[in-house]
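**Q** Just need the structure, nothing else, for what follows:
(one chain, ligands or ions: 1)
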Amino acid sequence: MIHTKGLTRTFRVKGETVEAVRGVDIDVERGELVAFLGPNGAGKSTSLRMLTTLLPPTSGTATVVGRDVVADPAGVRRRIGYIGQGNGAGHSQRVRDELICQGRSYGMDRTACHARADELLDSLDLRSLAKRTVSNLSGGQRRRLDIALGLMHHPELLFLDEPSTGMDPQNRANLWEHIQQVRENYGTTIFLTTHYLEEADTMAERVMVIDHGRVIADDTSARLKDDLAGDLITITVQDGEEAAQAAQTAERIASPHDVTVEGTAVRLRVTRGEAVLPEYLRALDAGGLKALTAEVRRPTLDDVFLALTGRSLRESGTAEQDGGKA
Ligand SMILES: Nc1ncnc2c1ncn2[C@@H]1O[C@H](COP(=O)(O)OP(=O)(O)OP(=O)(O)O)[C@@H](O)[C@H]1O
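**A** Numbering: from 1, shown residues only. Predicted structure coming up:
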């Protein structure tokens, strides 16, 4: 569905070269739902704009639904749906008419447009809003209409740029239900960008992480977490001296990815934390150290990003899990 090789885009800004996307290789197969995740300025939108033919690459190649983005941009556009950021505000058309207009602009005949509009009104829960003026819709309703508009011409592949940014958690959950349903009903391949770690984690089956214009990780969320981050064990002890000893014990028994001491707390990253923790507690006990508290936490995608880059995605200017765009 999407195949890129060395996809690159640079910009000249005030005599300086900005390397927005640096040699990205992407392979997405039919039916996949992929989340493209990264901090502000990582290169997500630029990549998406190249894949949707809105921006020519500086170098490299990209084939989207079997068509080359440079040699056959019209062929790509006919086969994809693209839902960009933000709403085109101020539409005075009614919802159903807007859908029909969109279909007509893709060359669909009148009958096909009416049938498709009705089908999408039902599947995106817009039926009761069919006669409403677009400019009067709520943010969540408008986003569902955007998706319906993007699907009018039966695209095999749908690109969504930050589909849920700025929505409250309830509307986001609702939007996701609809995205999943689109996938089930139409088998559409979906490639979306998001800032929301939690969302990428739970909703997408595959996560591609981009940073400074390069893809730095690409796998299922579960595998990324197991392979790159590991479980986080935190114990607390009486004082700093004991914490230093407890850290040494950890290094000895658990072959952790890393051990840190902060005040009376010792943190270590390990694979299979639930098995390591009892062993660690026994080793501490044998050394005359008593843990006051102990916990194991499964890693998050932010831990993965931290392991890969030494930075937190949130500190890199990314929105909080349930907040708005930073
Ligand atoms: N038209 C442009 N002219 C100059 N620089 C640009 C242009 N578009 C993007 N950039 C730069 O390219 C880099 C990547 O930007 P891009 O918008 O692709 O990032 P992003 O990951 O989508 O970020 P965000 O999450 O903030 O939307 C940034 O440094 C940005 O400033």
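**Q** Kindly report the residues of this structure close to the ligand.
**A** Within reach of the ligand by C-beta under 6 Å from any ligand atom, the chain has these residues: 11, 13, 18, 20, 38, 40, 41, 42, 43, 44, 45, 46. (Each C-beta comes from the backbone N, C-alpha and C, glycine too.)
**Q** Filter these down to the buried ones.
**A** By neighbour count, with 16 or more other C-beta atoms under 10 Å, the residues of the chain next to the ligand hold 20, 38, 42, 43, 44, 45, 46 as buried.
**Q** could those be laid out in JSON lines, adding secondary structure and pLDDT?
**A** Below are these laid out as JSON lines (DSSP: H, G, I helix; E, B strand; the rest coil; pLDDT from 0 to 100):
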{"residue": "20", "secondary structure": "strand", "pLDDT": "96"}
{"residue": "38", "secondary structure": "coil", "pLDDT": "88"}
{"residue": "42", "secondary structure": "coil", "pLDDT": "91"}
{"residue": "43", "secondary structure": "coil", "pLDDT": "94"}
{"residue": "44", "secondary structure": "helix", "pLDDT": "92"}
{"residue": "45", "secondary structure": "helix", "pLDDT": "90"}
{"residue": "46", "secondary structure": "helix", "pLDDT": "94"}
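**Q** if we take those, which one ends up nearest to residue 260?
**A** Distances from residue 260 to these, taken as C-beta to C-beta, are shortest for residue 38 (25.3 Å).
**Q** Neighbours of residue 123, how many?
**A** 19 (other C-beta atoms under 10 Å).
**Q** and what of residue 131?
**A** Other residues within reach of residue 131, judged by other C-beta under 10 Å, total 9.
**Q** How far off centre is the host helix or strand of residue 181?
**A** Residue 181 belongs to helix 169-186 when elements are defined using DSSP states H and E. On the basis of C-alpha atoms, centre = their mean, to the nearest Å, helix 169-186 sits 14 Å off its chain's mean C-alpha point.
**Q** Please point out which parts of that helix sit buried.
**A** By neighbour count with 16+ other C-beta under 10 Å, helix 169-186 contains the buried residues 171, 172, 174, 175, 178, 179, 182, 183, 186.
**Q** May I have the phi/psi pair for the residue nearest to residue 245 when sequence neighbours are not counted?
**A** Among residues not flanking residue 245 along the chain, residue 289 sits closest, at 6.0 Å (C-beta to C-beta, 6 or more residues apart in numbering). The phi and psi values for residue 289, taken as degrees, to the nearest 10, are phi -110, psi 140.
**Q** Residue 289 and residue 242 touch, don't they?
**A** Yes - counting by C-beta atoms under 8 Å, residue 242 is a contact partner of residue 289 at 5.6 Å.
**Q** quick one: which two of the residues of the chain next to the ligand are the most distant?
**A** Going by C-beta to C-beta, the pair spanning those furthest: 13 and 38, at 19.9 Å.
**Q** how far away is the residue lying closest to residue 130 once chain neighbours are set aside from residue 154?
**A** Once flanking residues are discounted, residue 130 sits nearest to residue 96: 4.3 Å by C-beta to C-beta, 6+ apart. Residue 96 sits 18 Å away from residue 154, going by C-beta to C-beta, to the nearest Å.
**Q** what's the neighbour count on the residue nearest to residue 130?
**A** 21.
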